[in-house]
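Asker: Okay, predicted coordinates and the sequence, questions at the end:
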Amino acid sequence: MYNTLKQYFGFENFLPLQKEIITDVLNKKDVLALLPTGGGKSLCYQLPALKLPGITLVISPLIALMKDQVQALHENKIPAAYLNSSLKVKEERQIKEDVVNGKIKLLYVAPERLMKEGFLEFITEQPVSLIAVDEAHCISEWGHDFRPEYRSLSVVRGRFPGVPVIALTATATKKVREDIVRQLEFKDHATYCGSFDRKNLRYVIRDKQNGYYHILHYIEDRPGQSGIMYCQSRNSVERMAAELTADGIHALPYHAGLPQNTRTEHQDKFKRGEAQVIVATIAFGMGIDKPDVRFVMHYDLPKNLEGYYQETGRAGRDGLPADCILFFSYADKRKHEFFIEQTANPLRAAIMQQQLDTMMTFCTATRCRRKMLLSYFSETYPHANCKACDVCME
């Protein structure tokens with residue numbers, strides 16, 4: 001394991017829990033792995049893929065995430081590919097050919113593609129030795145990013161009896177964890193849960209009134225420091241990026257309404273440090289391995305704490321101090337409630353309202369933000385003062 005780690009990934013040692021998770025996977029045990037952003041989740045199935053015969057099938061929800069992962073694997077001389085809607089028919093045919101000829105070790109697919117007529121039959125005929133379910137919280141209705149197509153993954157389980165499954169996520173409450181285990185039909189499985197405490201992150205909540213003034217001055221005081229700003233809608237992303245640009249900040253927009261090549265270009269410029277700020281909707285950042293993001297801002301109120309935690313987790317992945325600043329207003333709460341009222345499914349609406357209420361408590365309470373955040377994920381923070389949130393510092 002250590003030789004493989006050094007040869008392909010360039011590391012001398014494992015991060016906390018990685019070795020234990022990989023050992024269980026290699027022993028064909030089902031595993032639920034909850035590791036914080038930056039905790040090295042992908043290595044937990046990428047390294048076993050190199051040790052096991054055949055193919056590792058990786059189920060992943062986002063095209064941008066697959067692209068980044070496969071590109072990184074190619075740089076490490078690991079044969080990997082993805083199948084999604086961005087490929088031309090000829091490209092897809094070539095990848096399938098490579099799979100059949102044993103030239104691919106890791107194959108990334110979206111759950112929709114996996115369940116497509118004909119594809120499940122094709123993949124069932126291949127020597128799959130490990131199934132990895134990335135962003136596994138998408139399975140649960142209680143998760144912050146529930147995707148109905150993830151519910152069908154138990155069908156895949158039935159097609160590969162005896163093949164171990166590893167489910168990975170950075171954000172899952174106790175209820176979501178139980179749902180993942182039930183939906184994937186885990187029996188004799190292992191659960192590993194890393195600490196949710198990102199000690200180098202500072203959590204700050206500010207009044208949204210005059211928010212832009214504070215944002216501009218904050219960024220101007222930190223020339224050369226990279227940051228992500230999250231906005232709720234495409235329009236607000238475009239507007240904020242344009243305003244920052246007009247005020248001399250090199251900011252680029254990122255949202256699903258932009259052409260794919262524009263999104264890729266903006267993402268790459270940000271990763272290379274050619275753009276100081278990326279202004280984005282919440283899809284941005286999944287799997288983005290940029291270690292030196294010094295601040296993550298939320299200009300609009302997040303829908304829930306899980307999403308907030310995952311998005312702030314993109315800051316300070318290099319272990320150095322970073323700021324997570326949320327601009328709060330009751331008007332944003334009313335916007336979310338209007339959306340919830342339009343939700344046809346009563347259970348889904350009730351879950352969303354409960355999540356929003358928890359988010360509101362987090363923003364308005366006068367208790368340590370870190371303690372509240374960790375408590376939400378069933379982790380106890382032992383200190384009275386974290387010295388790194390606005391409540392404790394101010």
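Answerer: That came through fine. Given the structure is predicted, the values throughout are model-derived calculations rather than measurements.
Asker: I'd like to know which elements the helix or strand in which G158 is found is packed against.
Answerer: Per DSSP states H and E: G158 is located in helix 153-159. Using 3 or more CB pairs under 8 Å, 6 or more residues apart in numbering; DSSP states H and E, the elements in contact with helix 153-159 are helix 111-114, helix 119-124, strand 128-133. Quick note: C-beta positions are derived from backbone N, CA and C, even for glycine.
Asker: Looking at these, which one is packed in the most?
Answerer: strand 128-133 (a mean of 23; mean count of other CB atoms under 10 Å).
Asker: ok, that strand: who's next to it in the sheet?
Answerer: Partners of strand 128-133 in the sheet, by DSSP bridges, are strand 55-59 (parallel), strand 165-169 (parallel).
Asker: Give me the contact list for it.
Answerer: 25, 45, 48-49, 52-59, 139, 150, 153, 156-157, 160, 163-168, 184 (CB atoms under 8 Å, 6 or more residues apart in numbering).
Asker: what is the mean pLDDT for it?
Answerer: Averaging pLDDT along strand 128-133 yields 96.
Asker: From the chain's centroid, how far away is it?
Answerer: 19 Å (CA atoms, centre = their mean, to the nearest Å).
Asker: Same check on stretch 373-389?
Answerer: Distance, stretch centre to chain centre, for stretch 373-389: 22 Å (CA atoms, centre = their mean).
Asker: Give the ranges of residues in the protein that sit below the confidence cut-off.
Answerer: Applying pLDDT under 70 to the chain flags residues 283-288.
Asker: That one: strands as residue ranges?
Answerer: Assigned by DSSP state E, the chain shows strands spanning 30-34, 55-59, 80-83, 106-109, 128-133, 165-169, 189-193, 201-207, 226-230, 251-254, 277-280, 293-298, 322-328.
Asker: For H383, which of those is the nearest?
Answerer: For H383, the closest of those is strand 201-207, at 14.4 Å, according to CB to CB.
Asker: what's the closest one packed up against?
Answerer: Other helices and strands packing on strand 201-207, by 3+ CB pairs under 8 Å, 6+ apart, are strand 322-328, helix 369-376, helix 390-393.
Asker: Try it again at 7 Å.
Answerer: Judged by 3 or more CB pairs under 7 Å, 6 or more residues apart in numbering; DSSP states H and E, strand 201-207 is in contact with strand 322-328.
Asker: just the angle between the strand it packs on and strand 226-230, please?
Answerer: 20 degrees (axes from the mean of the first three to the mean of the last three CA atoms, to 10 degrees).
Asker: Off-centre distance for strand 322-328?
Answerer: On the basis of CA atoms, centre = their mean, strand 322-328 is displaced by 18 Å from the centre of the chain it belongs to.
Asker: do stretch 262-278 as well
Answerer: Distance, centroid of stretch 262-278 to centroid of chain: 18 Å (CA atoms, centre = their mean).
Asker: rewinding a little: same list, the helices and strands packed on helix 153-159, but as a markdown table with distance to E91 please.
Answerer: Output for the helices and strands packed on helix 153-159, formatted as a markdown table (distance: least, CB to CB, whole Å):
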| stretch | distance to E91 |
| --- | --- |
| helix 111-114 | 14 |
| helix 119-124 | 15 |
| strand 128-133 | 21 |
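Asker: now for these, which one comes closest to K105?
Answerer: Using CB to CB, these put strand 128-133 closest to K105, at 9.9 Å.
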